[in-house]
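> Make a model of this:
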Amino acid sequence: MIVWVTGASSGLGLHTARALAKAGHTVIAGARSFRAETAEGVHRLPLDVTDDGSVAAFREAALGIAPRVDALVQCAGLLVLASCEETSLDEYRRVLETNFLGMARMNQAALPLMRAAKNGRIVLFSSINGLMGVPFQSAYAASKHAVEGYAECLAMETRPFGVQVCLVEPGDHRSGSDRYRLQGAAMNGASPYAGSFRRGVAVIRRDEADGSDPDRLGRKVAGLLARRRMPLRLCVADPVQHLAVALHRLLPGGWMARLMGMYYLGRGHKNISQDAEAAERVHLR
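The predicted model follows:
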């Protein structure tokens with residue numbers, strides 16, 4: 001297969017591109033930091049999914065390497081860690097522009113080719129955060145929830161044209177780059193959320209450091225492309241995270257929110273919030 005991969009310079013995108021090349025596919029991978037070259041069996045091209053001109057140039061260059069696209073695997077992503085209250089609208093826009101609109105832009109570049117061939121596969125990287133929220137990841141969770149709903153629409157619309165769609169929902173994996181995992185500009189010692197933010201981010205980073213093998217996930221994606229029919233969703237996570245997803249579906253919303261709050265913010269997270277509110281009331285006087 002001829003496979004286009006976005007977000008392939010680091011993290012899960014890098015491991016996925018490598019796994020696909022090892023599986024024998026012709027891989028044409030894009031990232032903002034790439035220059036046109038071939039390395040590790042992967043054709044690398046510059047690509048900024050937030051820019052129409054860059055996407056058009058990638059499409060033209062990719063078709064110069066191989067005359068069609070059989071599969072599009074979308075891994076480009078950006079995360080901003082901040083409280084909902086203090087995540088700026090520009091920070092929300094930046095995350096949504098990359099994680100959701102950039103993905104839609106790439107689909108619109110590939111779909112005419114797939115429809116003409118009456119064949120194609122689109123793999124969209126969502127996340128467990130597309131199924132449930134996590135404190136201080138609201139921009140990322142919002143973008144991945146958008147991907148989830150969009151993919152359901154896309155799968156129904158493109159099926160008559162022979163195009164299959166699959167959502168890959170990774171849990172925590174040992175991968176990623178701090179270039180794409182940013183701290184919100186307002187998150188400093190003066191934030192009313194400073195204490196809970198520090199604890200929550202420490203838990204997030206610990207879980208990522210102890211996460212699953214990203215090479216295994218890459219092989220899972222390569223396995224998807226080998227199937228006669230892909231599933232709509234494939235959650236790739238450890239048993240505890242699978243359990244969390246199941247509980248999120250089964251438990252009343254308030255119960256799950258309390259459990260998630262205890263896990264990420266500690267048993268005293270109510271007190272942290274109450275202390276911050278009390279300090280704010282004093283300040284307002």
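> Hmm, Gly218 is touching Thr16, no?
Yes. Contact between Gly218 and Thr16 holds when scored by Cβ atoms under 8 Å: they sit 4.4 Å apart. Heads up, the C-betas are built off the backbone N, CA and C, glycines and all.
> what about those two, which has more around it?
Taking neighbours as other Cβ atoms under 10 Å, Gly218 and Thr16 compare with Thr16 leading, 30 against 26.
> Tell me which helix or strand the more buried one sits in.
Element membership for Thr16 (DSSP states H and E) is helix 11-22.
> quick one: the helices in this structure?
Secondary structure of the chain, counting by DSSP state H: helices at 11-22, 52-65, 89-96, 102-117, 138-158, 194-209, 214-226, 239-250, 253-265, 269-284.
> Let me see the residues that make contact with the shortest one.
Okay, so that is helix 89-96. The contact list for helix 89-96, computed with Cβ atoms under 8 Å, 6 or more residues apart in numbering, reads Leu78, Leu79, Val80, Ala82, Ala139, Tyr140, Ala142, Ser143, Ala146, Leu182, Gly184, Ala185.
> contacting residues for the second one?
Under the criterion of Cβ under 8 Å, 6+ apart, the neighbours of Leu79 are Val95, Gln137, Ala139, Tyr140, Tyr180, Arg181, Leu182.
> where's the first one relative to Lys144, distance?
So the one you mean is Val95. Separation of Val95 from Lys144 (Cβ to Cβ, to the nearest Å) stands at 10 Å.
> ditto for Phe161
From Phe161 to Lys144 the distance is 26 Å (Cβ to Cβ).
> So between those two, which is more surrounded?
For Phe161 versus Lys144, the count of surrounding residues by other Cβ under 10 Å is larger for Lys144: 26 against 14.
> Next, find the distance separating the more buried one from Val168.
As defined by Cβ to Cβ, Lys144 lies at a distance of 11 Å from Val168.
> Please identify every residue contacting each of the two.
Ser126.
> ok, now which ones touch Ala244?
Contacts of Ala244 (Cβ under 8 Å, 6+ apart): Ile128, Met132.
> quick check, nearest of the contacts of Leu79 to Ala31?
Closest approach to Ala31 among those (Cβ to Cβ): Tyr180, at 10.3 Å.
> quick one on the thing from earlier: adding distance to Ala39 and pLDDT, write the contacts of helix 89-96 out as a markdown table.
Listed next are those as a markdown table, based on distance: Cβ to Cβ, whole Å; pLDDT from 0 to 100:
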| residue | distance to Ala39 | pLDDT |
| --- | --- | --- |
| Leu78 | 24 | 94 |
| Leu79 | 26 | 94 |
| Val80 | 30 | 96 |
| Ala82 | 35 | 96 |
| Ala139 | 32 | 97 |
| Tyr140 | 29 | 96 |
| Ala142 | 34 | 97 |
| Ser143 | 29 | 98 |
| Ala146 | 33 | 98 |
| Leu182 | 27 | 90 |
| Gly184 | 34 | 95 |
| Ala185 | 35 | 93 |
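> Quick one, which of the residues you listed are buried?
Leu78, Leu79, Val80, Ala82, Ala139, Tyr140, Ala142, Ser143, Ala146, Leu182, Gly184 (16 or more other Cβ atoms under 10 Å).
> now those residues in CSV, with distance to Trp255?
As requested, these are exported to CSV (distance: Cβ to Cβ, whole Å):
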residue, distance to Trp255
Leu78, 31
Leu79, 27
Val80, 28
Ala82, 26
Ala139, 25
Tyr140, 23
Ala142, 22
Ser143, 26
Ala146, 26
Leu182, 31
Gly184, 28
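> Many thanks, have a good one.
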